[in-house]
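Enquirer: sequence unavailable; structure follows:
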């Protein structure tokens, strides 16, 4: 026991007990949904990520008159990786073999202390127990820096000196965990389909959402799937009350389908296989009397009372250059002129409205993004939201990437 006690105080001061982590994702998180610009945004319930740290070491201890000890050790500990940065305490078991006194073995509980920062696991101290008694906490000098990556392996040399004893140890640390990530790429699109002109128009506004959920494990794309839905279809009458439009039918080619992909650096390339598209059928009945009023108001928009603004336009050519000169004139109408103007405008508007289509049916078929340009889209693997256009505009798209686990 004397040799063992001597080793306990000098050589195995926790040098061999250092260990690494394995991060295992459990069940999918509970998700609550809130509307974000027509798209749902997930609220993530954090899940613990378990990690495992293993250590293999070999060293020589020179203990003066006690002799030279050739020793090896193995340790395995587990811990919880923090969400982001933070401290860790790894717990496990060590086993130590030495050559002094004809050979001996020590084993028992082990602890390692450290923290996660800047995408590294930093080990700062260790502590071994033998027969229920701590063999002193050892501060690691230097600290051990292990990249926070599954399968990361680091070799670290230590030199310890206490009294007349010298110890040189080489440790190999291996970090193992399932680096499993779940992401959601959402495409929200608003399309407006109208028939008419600046004076009057009818049509529909279609809002569609596509969610692409996919998994990445140890840096590789594993699987993905998409769900598409029509959020709303609203009819358009400009000006309001001009027409009575009704949506007769609508459908999506696919409401769910697989999505393949490939991780390249810090981005993922998603490939949509089926050509998904939506179809909307609607009909509109235009109010003829309302259309007459709209036409008159548009033609008469430059008149206020008996004053009317008239534009005179003159086109000149200077070689290959065309110069257009415009000049506005304010003309005051007599009561007779004003009466005749109103009469003629109404006659013109009634004739024009008669020639316009009073009832029409229309069917729209449109591909969903990203298929409007190509079947693939490459997006960075980070949380972001990007808008194309303004949400209140006729056509608008929002893409959103979010890590959901």
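Expert: Everything's here; your move. This is a predicted model, so every value here is computed, not measured. Residues are numbered from 1 along each chain as shown.
Enquirer: mind checking which helix or strand of the protein has the lowest mean pLDDT?
Expert: Sorting the helices and strands of the chain by mean pLDDT, DSSP states H and E puts strand 32-36 at the bottom, at a mean of 29.
Enquirer: so the residue located most distally from the centre of the chain versus residue 302, what's the distance?
Expert: Residue farthest from the centre of the chain, counting by CA atoms, centre = their mean, is residue 336 at 68.3 Å. Separation of residue 336 from residue 302 (CB to CB, to the nearest Å): 20 Å. For glycine as for every other residue, the C-beta is placed from the backbone atoms N, C-alpha and C.
Enquirer: now swap in residue 159 and tell me
Expert: Applying CB to CB to residue 159 and residue 302 gives a distance of 94 Å.
Enquirer: wait, a helix at the residue farthest from the centre of the chain?
Expert: Yes - counting by DSSP: H, G, I helix; E, B strand; the rest coil, residue 336 is found in a helix.
Enquirer: how near is it to residue 329?
Expert: 20 Å.
Enquirer: need the helices for this structure, in chain order.
Expert: 2-10, 288-299, 335-355 (DSSP state H).
Enquirer: of all those helices, which one is nearest residue 367?
Expert: The closest of these to residue 367 is helix 288-299. By CB to CB, the value is 33.5 Å.
Enquirer: report the distance from the closest one to the chain centre.
Expert: 49 Å (CA atoms, centre = their mean, to the nearest Å).
Enquirer: need the residues that contact it.
Expert: Here helix 288-299 makes contact (CB atoms under 8 Å, 6 or more residues apart in numbering) with 199-200, 239, 241-242, 345-346, 348-350, 352-354, 356, 358.
Enquirer: now for the residues you listed, which pair is the farthest apart?
Expert: Farthest pair in the contacts of helix 288-299, by CB to CB: 241 and 348, 21.7 Å.
Enquirer: pick out whichever of those two has more residues nearby.
Expert: residue 348 (14 against 11; other CB atoms under 10 Å).
Enquirer: I'd like to know which elements the top strand by length along the chain is packed against.
Expert: Taking DSSP state E as the criterion, the chain has its longest strand at strand 220-238. Secondary-structure packing of strand 220-238 (3 or more CB pairs under 8 Å, 6 or more residues apart in numbering; DSSP states H and E): strand 180-196, strand 201-217, strand 243-252, strand 256-264, strand 267-272, strand 277-286.
Enquirer: can we see that at 6 Å?
Expert: strand 201-217, strand 243-252, strand 256-264 (3 or more CB pairs under 6 Å, 6 or more residues apart in numbering; DSSP states H and E).
Enquirer: highest mean neighbour count out of those?
Expert: strand 201-217 (a mean of 20; mean count of other CB atoms under 10 Å).
Enquirer: what is that strand packed up against?
Expert: strand 180-196, strand 220-238, strand 256-264, strand 277-286.
Enquirer: who does the third one pair up with?
Expert: Think strand 256-264. The strands that strand 256-264 pairs with in its sheet are strand 220-238 (antiparallel), strand 267-272 (antiparallel) (by DSSP bridges).
Enquirer: show residues contacting the longest one.
Expert: If I follow you right, that is strand 220-238. Residues from elsewhere that reach strand 220-238 (CB atoms under 6 Å, 6 or more residues apart in numbering): 38, 194, 201-215, 243, 245, 247, 250, 252, 255-259, 261-263.
Enquirer: ok, residue 70 - contacts?
Expert: 60, 99.
Enquirer: try 8 Å this time
Expert: Contacts of residue 70 (CB under 8 Å, 6+ apart): 59, 60, 98, 99.
Enquirer: domain-wise, how is the chain divided?
Expert: 2-178, 181-284+364-403, 290-355 (automatic domain parsing).
Enquirer: tell me how far residue 237 lies from residue 330.
Expert: 34 Å.
Enquirer: try residue 131
Expert: For residue 131, the distance to residue 330 - CB to CB - is 107 Å.
Enquirer: any weak-confidence spans in the stretch 151-300 of the chain?
Expert: Regions of the stretch 151-300 of the chain meeting the criterion pLDDT under 70 are absent.
Enquirer: try 90
Expert: By pLDDT under 90, the weakly predicted segments of the stretch 151-300 of the chain are 151, 159-167, 177-181, 193-203, 217-219, 236-245, 265-266, 271-276, 284-300.
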